[in-house]
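Undergrad: Turn this into a model:
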Amino acid sequence: MDDQSSKVLGVMKERDFYHAKVEELKNRIKVLEYDNAELVKRDEVLSLRCKELASKTNFRKPPRRFNRG
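TA: Residues are numbered from 1 along each chain as shown. Now for the predicted structure:
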């Protein structure tokens, strides 16, 4: 009888261990999804800024011409 109950307790402990691991990993996934969403948003903003800067023409002053005389 003790052998049977120890097996049951062992299985219950193992089940609880894996249940705790699953919960821990679910929480980690939530954190990573949030971080990913922030990075995607930041990437969109930076891509837009790069596109705007790349399409902008540089303003250059005309070269100085010296009057001699």
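Undergrad: so P63, which of the three states?
TA: Here P63 is recorded as coil under DSSP: H, G, I helix; E, B strand; the rest coil.
Undergrad: Which pLDDT value does the model give it?
TA: Looking at P63, its pLDDT reads 74.
Undergrad: Could you number the chain from 57 rather than 1 from now on?
TA: Sure thing, new numbering starts at 57, so read that last one as P119.
Undergrad: And it, its phi and psi?
TA: phi -70, psi 150 (degrees, to the nearest 10).
Undergrad: And the one 3 residues further on, by the same measure?
TA: When quoted as degrees, to the nearest 10, the phi and psi of F122 stand at phi -90, psi 130.
Undergrad: confidence score at it?
TA: So F122 comes in at 74 (pLDDT).
Undergrad: and what of S61?
TA: Checking the pLDDT column for S61, the value is 89.
Undergrad: One more: L65?
TA: L65 is given a pLDDT of 93.
Undergrad: Mind telling me what element it is part of?
TA: helix 58-111 (DSSP states H and E).
Undergrad: for that helix, packing partners?
TA: With contacts taken as 3 or more C-beta pairs under 8 Å, 6 or more residues apart in numbering; DSSP states H and E, helix 58-111 sits against no other helix or strand. The C-beta positions use only the backbone N, C-alpha and C, and glycine is treated the same way.
Undergrad: Now do it: distance to the chain's middle.
TA: 11 Å (C-alpha atoms, centre = their mean, to the nearest Å).
Undergrad: Sticking with N123, tell me its helix or strand.
TA: With DSSP H and E as the test, N123 turns up in no helix or strand.
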